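**Student:** This is a predicted model, with the sequence first.
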Amino acid sequence: MKKYIIIAVAVVAGIALSYALVSKGGASALQVNQVAADPAAYSGAITVTGIMAGTSPQDPSVFGIFDIKELQCTTPNCNKIYLPVKHQGTMPKPGDEVRVSGSFVNTGSGYLFAASNVKVLRNHKIGG
Amino acid sequence: MNNIIRTEHAAKSYKTGDITTHALKDVSLEIPQGSFTCIVGPSGHGKSTLMHLIGGLDRPTDGKVYIGDTEISRISNSDLARLRGKRVGFVFQFFNLMQGLTALENIEIAMMLAGIPEREQRGRAESLLALVGLAEKAGAKPGQLSGGQQQRVAIARALANDPDILLMDEPTGNLDSVAEAEVLDLLQTLHRQGKTVVIVTHSDEVAKRAERVIRVRDGLVAHGMFLPELCSI
Amino acid sequence: MTLTKLVFKNITRRRGRFLFTLLGITIGIASFVTFMAMGGSLKDEIHRETAALGANLVVIPKGSCGYEQLSILTGDQMPTNISAAEIAGIRAIKGLTVVPFLAQQTAIANKPVTVSGIEPAATLAFKRWQIGQGAYFSKPDESGVVIGATAARQFNLKPGATVIVRGESLPVLGILGETGGRDDATLFLALPVAQRLFKSADKVSYAAIRVDDLARTDSYIEKIREATGLGVVSDKQMLKSVLGIVGSVNITLRLIAAVSVLAAAFGIINTMMAATYERKREIGILQALGARRRTIFLLFMLESGFYGIIGGVTGVITGLTTAVIVTPYISQNAFTSFVKGSGSGAAIDIKVVAGSILFSAVVAVVAGIYPAWRAARLTPVEAISYE
């Protein structure tokens, strides 16, 4: 009897593992530096994660995010790339690590990321 | 009649700390092939030690012990184990069988160690169980068997490698008289089939059935043939 | 009845003990596997990528931190701050072979792909690439892409197919042979084409340099610094900085994994010692039945080995599950960017799985040596007389 229980547990664990792996593969979030290099290459809905830098002075519903890896860079050569994200809901705060889901929109003068969902994961202290 | 077991001035002593115990002092005896012998004597006088020596479970510290034509005091452990496996079948007083295995499996282990291929084991084990009258208990674990039944399975196992010699240490010590009688009938049957049976025992019943008696006292063997009635202590 | 069947029955005889010992091994191996899946083999990967770069010196914009040097190895997008004039200045120095690179990113089927702008002839020679399929760049500014073997396989691209980079359609010219490194997952463009598409004017991201005479490396570094204002690091220095960033996380995890495995090993020793002690009588009976010392030893060693294998399998399953569940909660950092597969999630490396199970078995077997030896050492009389 116990033998069957052990087998059953192993099978369930195996299924859970495969499921987790398969679904995780699809939901991997992209980095700002990756998408900003060639936004046109991304179609449909994607998820990008980055750090909120601040809102745009021209349009308060747009905020910029930069790559998480840039947090470690403190030299003037950093060359942070900012991705503009348009969002209708509550704005995140500067330093927030966010996951934005949505798609790129060609505004004619560049690409804008129209977010359908903004999730704040945690906050990082960034200097001025 | 040739002797299947022979000792010449065999002695065994142990050293524990500073004390040396002489379990067996000077034993010379012969056990003819096909005989039924019982070894008797008070507890602690060396009966079990003698049995260990003639069964090849231990080596003498002095003198010689012959199993068949092989003198065992100087052969390697490996060879001794092999000799045991080929010629001797043991039955002990307690805890003979491996607890987690069925009666059949217990016998199969002995066969595995004797090098009998797996596909032959089952059939032979079943016939041995039948021989001891426990064919229907093949799937039972020791916990599900009575004392007498366990000893009979142990005897079946001792026969697994088709040994010439059956060595038993108090095989009926834990059994009631009915069970004891069952076991003894079995042993006499085996004896009649040509096996050499050697039993270390306290029991009158057992001694009565023996042809020969070896008396051990204070690590020495008392020579001469004793009448079976005088076997009891 | 065979020895293996006996071993299996012996192990499972005591359910509780079996499960607890197994749990110990599972946790130990799971830690080890989680560590590996999350980048434990990082150090080796970094060494490998640095070697694959093929450079003795690397030229980077002045003031770059170790983190940027990491980008060279990870194939991340890098700023283009080194001008053509500066490259020419370095080329003027005798004894150096200079190959510039432009590091960018694009995407195919929404999966990020590294793009590298190269000088075709120079880079081919420098990296000693083999062409797997199709052709290579025939002109220094040819419009088209050459793809690494893994990327071609992943996106099912063959010579003649089309790839869109920054909105422009480019034909696939050829596919490189496998290199075993990052280049396999990279798209290569002719430098002028890349510079045009990514609007970098005449600039590049970094340059890899091979020196003719290693003994004069320091003087070369000086000369480059004088000729340009750029930062120069030797491959060893780069290795050090990169390992420095990534190293500390690595060590903590390694320590945890090592301790867990050690604890599991002791768990096995304990269980097997207890088994030896409790089964003395049984060992005696087996010896009386004709088992040699060798057989007893083998019996106990097989038991340990079984624990190792079964524990290895459960450990691997647990470890991979943990890695998959935990990874999203750890911020993306330099560390995890090394996970191969260009963003396809947790990597189930068959080698890691098989290796972990083997490792578990080996640890268990080694842990089992002493108890097995103790068991085999018993003489039949000692064993049987044990009350």
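**Tutor:** Alright, I've got the coordinates.

**Student:** Can you read off the pLDDT for residue 21?
**Tutor:** I went with chain A, as the question did not name one. Looking at A:Leu21, its pLDDT is 54.

**Student:** Not quite, go with chain B.
**Tutor:** pLDDT, B:Thr21: 85.

**Student:** Spit out the contact partners of the closest residue in space to it that isn't next to it in sequence.
**Tutor:** In this structure, B:Thr21 finds its nearest non-sequential neighbour in B:Tyr14, 4.9 Å apart by C-beta to C-beta, 6 or more residues apart in numbering or on different chains. In this view, the C-beta of every residue, glycine as well, is placed from N, C-alpha and C. Shown in contact with B:Tyr14 (C-beta atoms under 8 Å, 6 or more residues apart in numbering or on different chains): B:Thr20, B:Thr21, B:Ala23.

**Student:** For the residues you listed, pick the one with the most neighbours.
**Tutor:** In terms of neighbour count, B:Ala23 stands highest of these at 20 neighbours, by other C-beta atoms under 10 Å in any protein chain shown.

**Student:** Surely that residue and B:Thr16 touch.
**Tutor:** No: counting by C-beta atoms under 8 Å, B:Ala23 stays clear of B:Thr16, with 11.5 Å between them.

**Student:** for chain C, what spans make up the helices?
**Tutor:** C:3-12, C:15-35, C:42-53, C:66-74, C:84-91, C:120-127, C:149-155, C:191-197, C:217-227, C:235-278, C:280-288, C:293-326, C:350-377, C:380-384 (DSSP state H).

**Student:** Next, format the ones you listed as JSON lines and append mean neighbour count.
**Tutor:** Formatted as JSON lines, the helices of chain C follow (neighbours: other C-beta atoms under 10 Å in any protein chain shown):
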{"stretch": "helix C:3-12", "mean neighbour count": "17"}
{"stretch": "helix C:15-35", "mean neighbour count": "21"}
{"stretch": "helix C:42-53", "mean neighbour count": "18"}
{"stretch": "helix C:66-74", "mean neighbour count": "23"}
{"stretch": "helix C:84-91", "mean neighbour count": "17"}
{"stretch": "helix C:120-127", "mean neighbour count": "18"}
{"stretch": "helix C:149-155", "mean neighbour count": "20"}
{"stretch": "helix C:191-197", "mean neighbour count": "21"}
{"stretch": "helix C:217-227", "mean neighbour count": "16"}
{"stretch": "helix C:235-278", "mean neighbour count": "18"}
{"stretch": "helix C:280-288", "mean neighbour count": "23"}
{"stretch": "helix C:293-326", "mean neighbour count": "22"}
{"stretch": "helix C:350-377", "mean neighbour count": "19"}
{"stretch": "helix C:380-384", "mean neighbour count": "21"}
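
**Student:** so which of those comes closest to A:Phe113?
**Tutor:** helix C:191-197 (20.6 Å; C-beta to C-beta).

**Student:** helices or strands up against the closest one?
**Tutor:** On a contact count with 3 or more C-beta pairs under 8 Å, 6 or more residues apart in numbering or on different chains; DSSP states H and E, helix C:191-197 meets strand C:96-108, strand C:111-118.

**Student:** Any idea how far the longest helix along chain B is from the middle of the chain?
**Tutor:** Secondary structure of chain B per DSSP H: the longest helix is helix B:177-192. Mean-position distance between helix B:177-192 and its chain equals 14 Å (C-alpha atoms, centre = their mean, to the nearest Å).

**Student:** list the helices and strands it packs on?
**Tutor:** By 3+ C-beta pairs under 8 Å, 6+ apart, helix B:177-192 packs against strand B:36-40, helix B:147-158, strand B:165-169, strand B:196-200, helix B:204-209.

**Student:** And the contacts of stretch C:190-200?
**Tutor:** For stretch C:190-200, contacts defined as C-beta under 8 Å, 6+ apart pick out A:37, C:80, C:100, C:102, C:104, C:115-120, C:137, C:139-144, C:165-166, C:168, C:170, C:189, C:201-204.

**Student:** about what we covered before: columns mean neighbour count and mean pLDDT on top of the helices and strands packed on helix C:191-197, output as TSV?
**Tutor:** Below are the helices and strands packed on helix C:191-197 laid out as TSV (neighbours: other C-beta atoms under 10 Å in any protein chain shown; pLDDT from 0 to 100):
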stretch	mean neighbour count	mean pLDDT
strand C:96-108	23	88
strand C:111-118	24	88
